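build me a structure from this.
(one chain, ligands or ions: 2)
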Amino acid sequence: MKFASTLFAAAAALLVPGSLGADPSKCNTSNKVRDGADFVFVEQKDNPNVASLAKILKRVNVSDVFDDGNHKMTKDSAGRLRWEATADFNDFKTKKWIPQGISSTADAVEGGTYEGKDGWIVSWHRDDDKSARVTFVDKSNNKYRHALLVYPHAKDNFREAPIHAGGVMWYGDKLWVVDTKNGIRVFDLANIWQVSTGDAVGKSGSKYTAAGYKYVIPQIRWYKWSSDFSFRFSFLALDRTEKEHTVVVGEYQTDDSLPMRLVKWALDESTGRLKMDSKKTAKAKWAYCAQILQMQGAVSANGKFYISTSNGNKKGDLFGWVPGKYAKNNVGFYPPHPEDLSFDKRKNRLYGLTEGAGERYIINSDATKVKFS
Ligand SMILES: *[C@@H]1O[C@H](CO)[C@@H](O)[C@H](O)[C@H]1NC(C)=O
Ligand SMILES: *[C@@H]1O[C@H](CO)[C@@H](O)[C@H](O)[C@H]1NC(C)=O
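Residues are numbered from 1 along each chain as shown. Ligands and ions are numbered 1, 2, ... in the order given. This next block holds a predicted model:
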């Protein structure tokens, strides 16, 4: 079913390029192209509590966090990096935290290194979706350090960020994180704060703590979904290979009567924000009903899409798709439960990760090995 609907989608794109009038909220038409202008975000104003907290808390640089790795990934015989697993610490198997999103310093800046560091950033949701964290992984030594994402709700306080964090995109000094029903939250990597040791999150007496995490990253703004139909923000990724940078966002679904759309918005490289009008409204430049079941990640680069899909406990797949052509399934490309994707144009690397407890890896693949039709 999955493969059949993908063929169908690709064929339709080839034959019917027009999209005007197609209902953006549904995908049950033979023409799968949608009008990007129907997909609308409104940028919400910056949270002033970040600036006031910045006067209270100790700021550190991204490179400081990379240099302060307190755990280490190990490479297995298949070349995959697995999270640390020891007698008293187990990111590889814990059910408490589940990795979801991946981006890297190659997304952050054109040159690919950030404050001299070459590394990944990975998002995790807590099992109850009431908190999210990110991990800085230094590629030079595979050491890593988690930091807690926080929402500054008062001028002198912050709390946990209750998001699933299904995808992340590092762009400039900001970290974009999908918020499933609401849009995209933007966290400020120019304001990473060091806090004291303690179990609570936020201000406790004269100290600030973060559930044992040493560093917190505050939400500075968000992009509110503002169309009159719903969209499921499951994952996102940056495309730096186009003249105008874009962010693609997509939908995970298990029911093929529902829309499974991929939508691209243009980014303004000079401001690090979405391209918007004077009312801070950002309309997408491209939208498409991909209708691929269980999409877990998608990234575009050099005119091609890479789309990961999960298959329960079986190996994950990777579709190679050039819009206008058939999508090609690279069957079993990933271990079970693949998630978000990101691309590093320096050496055509495709970065992915898997979420299953006991099968949790970062996977660094040669994108030139992916097959397209
Ligand atoms: C798509 O589904 C809606 C109901 O959700 C229905 O009203 C509409 O006629 C369908 N369109 C096509 C082309 O099947
Ligand atoms: C952070 O980096 C800047 C330069 O980018 C440097 O001036 C500053 O000292 C660094 N701060 C810390 C805390 O390392």
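
pLDDT below threshold where in the stretch 201-350 of the chain?
Counting by pLDDT under 70, not a single residue of the stretch 201-350 of the chain qualifies.

tell me where it has helices.
Per DSSP state H, counting those that start in this stretch, the stretch 201-350 of the chain carries no helices over any range.

residue of the stretch 251-373 of the chain closest to ligand 2, please.
residue 272 (16.5 Å; Cβ to the nearest ligand atom). No exception for glycine: its C-beta is placed from N, CA and C like everyone else's.

mind checking how far the closest residue to that residue other than its chain neighbours is from residue 43?
The shortest distance from residue 272 to any residue other than its chain neighbours is 3.9 Å, reached at residue 172 (Cβ to Cβ, 6 or more residues apart in numbering). Using Cβ to Cβ, to the nearest Å, we find residue 172 at a distance of 15 Å from residue 43.

compare the two (neighbour count), which wins?
More crowded of residue 172 and residue 43, by other Cβ atoms under 10 Å: residue 43, with 20 against 17.

dump the residue contacts of the more buried one.
Applying Cβ atoms under 8 Å, 6 or more residues apart in numbering, we find residue 43 in contact with 221, 222, 223, 224, 273, 274, 276, 280, 282.

look up how far ligand 1 lies from the closest residue to residue 105 other than its chain neighbours.
Using Cβ to Cβ, 6+ apart and skipping residues adjacent in sequence, the residue nearest residue 105 is residue 114, 4.2 Å away. With distances taken as Cβ to the nearest ligand atom, to the nearest Å, residue 114 is found 45 Å from ligand 1.

next one: residue 315
Residue 315 is 33 Å from ligand 1, by Cβ to the nearest ligand atom.

against residue 317, how distant is the residue nearest to that residue when sequence neighbours are not counted?
Leaving aside its sequence neighbours, residue 315 sits nearest to residue 332 (Cβ to Cβ, 6+ apart; 3.8 Å). Distance, residue 332 to residue 317, by Cβ to Cβ: 7 Å.

contacting residues around residue 207?
195, 196, 198.

what is the closest residue to the last one other than its chain neighbours paired to in the beta sheet?
Counting by Cβ to Cβ, 6+ apart, the nearest residue to residue 198 once its immediate chain neighbours are dropped is residue 209, at 3.1 Å. Beta bridges link residue 209 to residue 196, residue 202 when assigned by DSSP bridges.

if you drop the residues flanking it in sequence, what lies closest to whichever residue of the chain sits closest to ligand 2?
At 3.7 Å from ligand 2, residue 61 is the closest residue in the chain, using Cβ to the nearest ligand atom. Spatial nearest neighbour of residue 61, chain neighbours left out: residue 115 (5.8 Å); criterion: Cβ to Cβ, 6+ apart.

which residue packs closest to the residue of the chain found nearest ligand 1, ignoring adjacent ones?
Closest to ligand 1 within the chain is residue 28: 3.8 Å, counting by Cβ to the nearest ligand atom. Excluding the flanking residues, the one nearest residue 28 by Cβ to Cβ, 6+ apart is residue 257, at 7.7 Å.
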